[in-house]
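Undergrad: Here's my sequence, what's the structure:
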Amino acid sequence: MSKHIWPLSPPQKARINECVHELTDREIKNDDILQTISLPQVNVLILMTPARVLVYNMKPLALVASHERSSESISEFGLNRSITPSTALDRDVNGLLSQQESYSLIWNQGKVVFYVVTERNFILSYQILKSSTNLTTFKEYGIPVIDVGKIREDIDHDFDDTLDNDTLTVFERNKASRIIQNGYTVTKDKGFLQFLSVNQDNINELPVKKLELRLKVVLKFDYQIIDLFGFKRLLEGNKSKAEESLLVLFPHGLQLLSLEEFKLKKTSLVELTNGKEICFNAGHLIVISKESEEDISINVIDFSNKKVKSNRLEVRGTLLSCFELRKRLALIFEDRIIYFNTTTNQVDYSYDPPFRIKLGGKLSDEMLLMISTANSVHFVTPLGNSLFSSSADSDLEKPPTTLEYSDFAYVDKFLVLVSHSGNYEVWNLWEEAKQTFSDSRSPVSYVLHNNNNDVAIYSPLGSSPVRNDSMQMVKLPTKTINNCVSQIKVNSNLKMMAVYVSNKNILLIHNLETNAWYDFNDLTIIDMHWLCSSYLLCQIKTEDWATSVQCFRFHLQGLDTSDISKYRVWEYEIPTSVPVLKVKVNVSSKYRLLKLKSRESPELEKYGEKFYRTAEIIIVTENHISIFAVLSIIHPSGVNIIKKFHEQAKIELPAAFSADSIEWITSFKDGLIYLYDDKIIKTATTDAQNWREDILLRDVERIIDVVFDEIYFVCKTQELFYKMDDLWEGKPPMLSIPLEDDFYPISVTSETTTTHGLNCLYHEDYVKLVLKHKIYLDQIIAAKMDQNVDPKDIMAEFGSIRHYKFALEKILSLKILASEPLNQIVELVKLCDAPLGSDMTTHNNQNGSLEIISNCLRKIEIKHWNQLFTSLKMTPRDLLARCLEGNEAKILGVLLLVFLNYDAELVEDLRNDEIPEEEEGQNNSEFPDSSVVDLIRDQEMMLRVLRLLVTSGANATDSTKAADSWDMCFQLMRLLKELDKENNTHLVQQALDMLQ
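TA: Now for the predicted structure:
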């Protein structure tokens with residue numbers, strides 16, 4: 001499921017420094033930033049210009065090394081053309097890297113190396129010498145380069161020494177004063193190292209470690225280098241040592257170079273023509289080649305057998321980039337984005353963005369960054385839904401000042417955009433902390449966090465959704481800024497929050513009502529979920545490196561943080577040999593009463609000895625799915641007290657099933673429903689032999705929420721609303737709503753039929769996340785009507801919702817404007833006068849249709865009135881008569897305003913007491929004007945109306961309602977005066993007498 005990324009603030013702008021040695025004999029624009037790459041494992045960012053390599057400390061951002069090429073070097077090798085890092089691949093690649101090698105390389109990544117390709121087909125091999133490991137970077141800087149779930153006992157995790165000679169010291173030019181000592185700034189003058197923290201809250205700054213940049217070797221090639229990819233492999237004779245390997249794409253083929261101490265040891269070639277780019281996907285090495293203007297070929301390379309398997313894809317346009325995204329190959333073209341599945345050899349999904357793409361890549365597996373040819377920045381979900389755009393919202397707004405962007409790098413909520421002008425931007429971002437749908441009795445919260453220790457929480461629970469237009473802001477109880485917050489989970493009643501800081505092994509429990517914090521140390525938590533409101537289920541890596549699933553019960557106040565084990569109520573240990581891939585929790589929407597054979601505890605007696613199955617815990621391993629039933633008693637206060645965890649089922653998985661792709665799973669009826677590779681799948685199974693999958697839904701971008709018996713999706717560019725039963729049976733959704741560019745749904749309140757969404761307002765001076773709310777009641781009622789659902793059933797299901805009358809009014813107006821039949825909606829409107837189960841004791845209930853009709857008349861033109869009155873089988877006189885009978889002064893006033901103001905010529909016609917001759921011969925039903933004219937000429941009716949308005953104004957206790965009634969009185973009198981200026985009927989005098 002997509003994990004959202006939003007801007008935190010407008011970008012900070014800066015510029016690279018001028019060259020130390022100017023190349024006066026050459027016309028080179030040496031401040032043109034061609035590319036940028038990040039090396040997060042050593043906290044480094046690299047910028048490349050035509051003749052320079054600039055190495056920055058990334059967190060905090062500071063230039064620490066550079067290499068400027070000489071005129072002789074440029075003459076011999078040519079200008080810099082592209083740059084690529086040497087990568088430790090995190091998964092096996094067929095014919096290139098084994099699974100054991102990929103795992104070992106996580107901890108043994110070898111030298112820090114990157115390569116620069118020049119215009120004359122040389123490769124400049126650079127090495128960064130820095131006494132720092134990826135584990136040190138994770139611990140000291142909080143950059144998430146370590147997966148704590150993969151830490152094992154047999155791996156030696158040493159930290160580098162934090163001595164003075166490991167940190168950077170900088171002296172001011174021509175002075176003896178130090179600016180940076182031991183990695184920390186001595187002075188904080190504005191403009192110097194502007195990205196170092198100047199916030200007094202963040203008193204502990206991060207040190208800038210020193211490093212050394214070396215050009216190790218220059219490799220020469222006789223053929224044009226089209227693309228280059230560097231990666232690590234273990235030496236054949238020494239599996240504990242990682243060395244460099246290069247994949248070089250030439251016009252005649254793909255060549256694998258194995259290096260040892262930067263010397264060529266072995267080479268291998270796979271012949272291939274017209275290659276354009278190297279990429280990896282689903283454990284395969286792939287080369288994209290372009291045979292013609294009409295198509296491209298996706299070539300899967302097997303280096304062990306030197307085989308090439310090609311798949312032709314018809315597509316026009318220039319290929320800008322390709323990369324792996326959620327086990328698919330993403331192909332970015334100027335006006336099209338394609339996801340190709342190398343397993344099925346088919347296009348899974350494609351779409352055309354609403355702008356031409358200049359540059360595209362991924363921020364994460366859940367979010368893309370696209371830069372348009374107009375240099376607008378766009379954050380886009382994988383299926384093409386826009387979250388953020390830096391372009392002007394309308395033609396009237398001044399577009400923000402933009403750079404001529406050339407590349408970008410993203411690491412841990414930190415985005416750097418570089419440009420051809422030498423300027424670059426640093427964006428600080430919000431990132432979503434994904435919440436699990438663990439409690440189907442409450443709406444899920446939407447949580448964001450940033451690198452400033454801020455947490456933003458939104459939930460529609462407990463307040464009117466239309467008024468809840470802000471997010472609750474929480475500050476972590478620390479002034480350090482090197483925190484890697486891997487887990488944030490908010491419980492179902494919004495009273496407690498659990499935060500895990502993975503690089504410090506700290507679990508924080510926060511009382512959201514009292515703002516109290518409790519911290520538990522020395523915990524390695526892989527995942528965690530709230531179970532009910534006070535139980536926290538954690539997947540923990542124990543001291544002996546095994547995986548344990550433990551459940552803790554935390555109270556709101558008075559927690560003793562000395563030992564977390566005293567709060568543990570359940571533990572389930574899993575052997576080290578069994579890797580746990582997922583742990584999920586589901587609280588049932590309906591508790592099931594269980595029949596017990598014997599009493600488990602004498603304590604049950606005072607609670608009536610009733611056990612309920614209130615929730616389930618699902619543990620997914622490589623080979624099995626284990627389901628544990630959570631058995632509880634219900635305290636009279638409504639709180640669940642867990643008494644037992646019972647292993648209900650253990651399902652064996654098929655060998656070909658990739659369990660790590662399960663993102664959400666729940667048991668339903670006699671099987672399971674789960675989200676797997678962007679598909680909703682159901683299975684009714686007991687073991688691997690009987691495992692049968694049925695795909696219910698494809699291209700699922702996000703599950704918005706699971707509440708009671710309903711589930712809400714973002715699927716492609718639609719928002720889908722399903723009943724769980726309908727989803728299980730493969731029926732169509734209750735409702736499908738197209739997504740809008742300025743509204744991405746983050747939550748749903750079914751009780752009020754309201755969707756809550758976010759929109760990002762961007763300006764050069766500020767960025768603001770705005771909460772929006774949209775009522776979908778009218779759309780779901782219209783959908784029910786299209787399905788010919790009985791109007792009484794619609795009334796029974798939705799009639800109690802606050803906006804029900806407004807929804808019917810909207811449907812009625814739209815159907816009239818579209819000249820559609822009104823039979824169904826009119827029947828629904830009439831039911832508002834006698835809701836099901838109502839004793840009709842209030843005027844509101846008796847005259848609901850009057851309110852709907854009067855408001856509808858205000859919104860439609862006169863030419864549509866005939867259709868409405870004909871369908872209602874009523875006249876304007878009938879409407880006023882019903883208002884008078886029910887003493888509905890407010891509705892009466894609305895109707896009068898409508899009738900008296902609908903036509904500027906009406907007053908003149910009334911004064912002349914005549915109707916045009918051409919209208920007299922026509923059927924009155926075709927001219928609603930005449931019925932209104934007759935109505936207003938009815939003196940007795942007008943006086944009755946006036947009497948009701950006067951009475952209503954005199955008796956009103958609310959000043960606003962009284963003012964409205966008196967205003968109606970005066971408007972009616974002005975009309976009467978205009979109709980009878982000579983006072984032949986004495987209407988005006990009678991009206992004045994009534995007011996006295």
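
Undergrad: Point out where the stretch 601-750 of the chain drops to low pLDDT.
TA: 601-609, 686 (pLDDT under 70).

Undergrad: could you show me where the strands are in it, in order?
TA: 611-621, 624-634, 640-652, 662-668, 671-676, 679-683, 693-697, 700-707, 710-715, 718-723, 735-738, 744-749 (DSSP state E, counting those that start in this stretch).

Undergrad: which helices and strands does the fourth one pack with?
TA: Think strand 662-668. In terms of contacts (3 or more Cβ pairs under 8 Å, 6 or more residues apart in numbering; DSSP states H and E), strand 662-668 is packed against strand 580-594, strand 611-621, strand 671-676. Just so you know, the C-beta spots here come from the backbone N, C-alpha and C atoms, and that holds for glycine as well.

Undergrad: Okay, buried residues for the first one please.
TA: Put plainly, it is strand 580-594. By neighbour count on 16 or more other Cβ atoms under 10 Å, the buried set for strand 580-594 is 580-588, 591.

Undergrad: Same question for stretch 135-151.
TA: 135-146, 148-149, 151.

Undergrad: Only C-alpha atoms, please: export that stretch in PDB.
TA: Taking Å, rounded to 0.1, in the frame of the first residue of the first chain, the C-alpha atoms of stretch 135-151 are listed here in PDB:
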ATOM      1  CA  LEU A 135      25.600   0.300  11.300                       C
ATOM      2  CA  THR A 136      27.400   3.300  12.700                       C
ATOM      3  CA  THR A 137      25.500   5.600  10.300                       C
ATOM      4  CA  PHE A 138      22.300   4.000  11.500                       C
ATOM      5  CA  LYS A 139      23.100   4.400  15.100                       C
ATOM      6  CA  GLU A 140      24.700   7.900  15.100                       C
ATOM      7  CA  TYR A 141      22.700   9.600  12.400                       C
ATOM      8  CA  GLY A 142      19.400   7.800  12.400                       C
ATOM      9  CA  ILE A 143      19.500   7.100   8.600                       C
ATOM     10  CA  PRO A 144      17.500   3.900   8.000                       C
ATOM     11  CA  VAL A 145      20.200   1.900   6.300                       C
ATOM     12  CA  ILE A 146      19.800  -1.100   8.600                       C
ATOM     13  CA  ASP A 147      16.900  -3.600   8.800                       C
ATOM     14  CA  VAL A 148      16.800  -4.500  12.400                       C
ATOM     15  CA  GLY A 149      14.900  -7.700  11.600                       C
ATOM     16  CA  LYS A 150      17.900  -9.000   9.800                       C
ATOM     17  CA  ILE A 151      20.400  -8.600  12.600                       C
END
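
Undergrad: So what's the gap between it and the chain middle?
TA: The chain centroid and the centroid of stretch 135-151 are separated by 25 Å under Cα atoms, centre = their mean, to the nearest Å.

Undergrad: Need the contact partners of that stretch.
TA: Here stretch 135-151 makes contact (Cβ atoms under 8 Å, 6 or more residues apart in numbering) with 40-43, 58-59, 103, 106-107, 134, 157-160, 206-207, 411-412, 481-484, 486, 502-504, 524-526, 541, 545.

Undergrad: Now do Asp147 against Glu334, distance only.
TA: Going from Asp147 to Glu334 by Cβ to Cβ, to the nearest Å gives 36 Å.

Undergrad: for His378, same thing?
TA: Counting by Cβ to Cβ, the gap from His378 to Glu334 is 14 Å.
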